[in-house]
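Participant: attaching a predicted model along with its sequence, questions to come.
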Amino acid sequence: MTIEPKIQADTRELLEKALHHVQEVLRGVRTGRATSALVDNIRVDYYGSLTPLNQMAAISIPEPRMIVIKPFDMSSLTEIVKALQKSDLGITPQSDGKLVRLTMPPLSGEQRTKYAAKVKEMAEEGRIAMRNGRRDMNKHADADQKGGKLTEDEGRKLHEKIQELLKEYEKKLDQVLEKKIAEIMEV
């Protein structure tokens, strides 16, 4: 692989990782509907180690506003309840000794606005990560140009292609953001 396509491929990979990270973070933001993603990454103290909840229990959504968590090991039920109470979900877990129910109250207009603002901040952090990736790849291109591996024209074209990739991924990020905000604002 020559230098130019390698830098483009590295740029695409960096931007893809940044976009994927933002999508994963946004999955955990509460909307009006129940989703297992809200609790997937909650860590539970399980015999001295913090274990993701989705590795310790079956998580199901029997109703649009309810999450049911059934531990594989019943002795971990109290630790799961504690972890859910410590989380920033804002939902009080209800346990019957066999499983935990999380009933999601409807979001108020104020809460929806707050969550939408939080999502925009998260997306902006993703944009910053993408721009940092562009900066790093431009530095690689400049170094290759100074090292004689690229001509001046090839260096300029590579900078343009890196910028085009950034714009492409920023558009994808905007689409993800719009979709998430629409989910939050949905009544």
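Facilitator: Nice, thanks for sending it over. Numbers count the residues shown, from 1 in each chain.

Participant: how many other residues sit next to Val39?
Facilitator: 25 (other CB atoms under 10 Å). C-betas here are computed from N, CA, C, even on glycine.

Participant: grab the nearest non-local neighbour of it.
Facilitator: Leaving out its chain neighbours, the residue that sits closest to Val39 by CB to CB, 6 or more residues apart in numbering is Leu53, at 5.3 Å.

Participant: before we move on, what about Ile80?
Facilitator: Among residues not flanking Ile80 along the chain, Val44 sits closest, at 5.4 Å (CB to CB, 6+ apart).

Participant: pLDDT on the strand or helix carrying that neighbour, on average?
Facilitator: Here Val44, judged by DSSP states H and E, is contained in strand 43-46. The pLDDT scores in strand 43-46 average 86.

Participant: from the rest of the structure, what touches the helix or strand that comes right after that strand?
Facilitator: Downstream of strand 43-46, the next assigned helix or strand under DSSP H and E is strand 49-52. The contact list for strand 49-52 (CB atoms under 8 Å, 6 or more residues apart in numbering) reads Asp40, Asn41, Ile42, Arg43, Val44, Asp45.

Participant: distance check, the second one against Asp174.
Facilitator: Read it as Asn41. Applying CB to CB, to the nearest Å, the value for Asn41 to Asp174 is 25 Å.

Participant: how far does stretch 83-92 sit from the chain's center?
Facilitator: 19 Å (CA atoms, centre = their mean, to the nearest Å).

Participant: now do the same end-to-end measure for it.
Facilitator: 11 Å (CA to CA, to the nearest Å).

Participant: mind listing what's buried along that stretch?
Facilitator: Counting neighbours by 16 or more other CB atoms under 10 Å, one finds that the buried residues in stretch 83-92 are Ala83, Leu84, Ser87, Leu89, Ile91.
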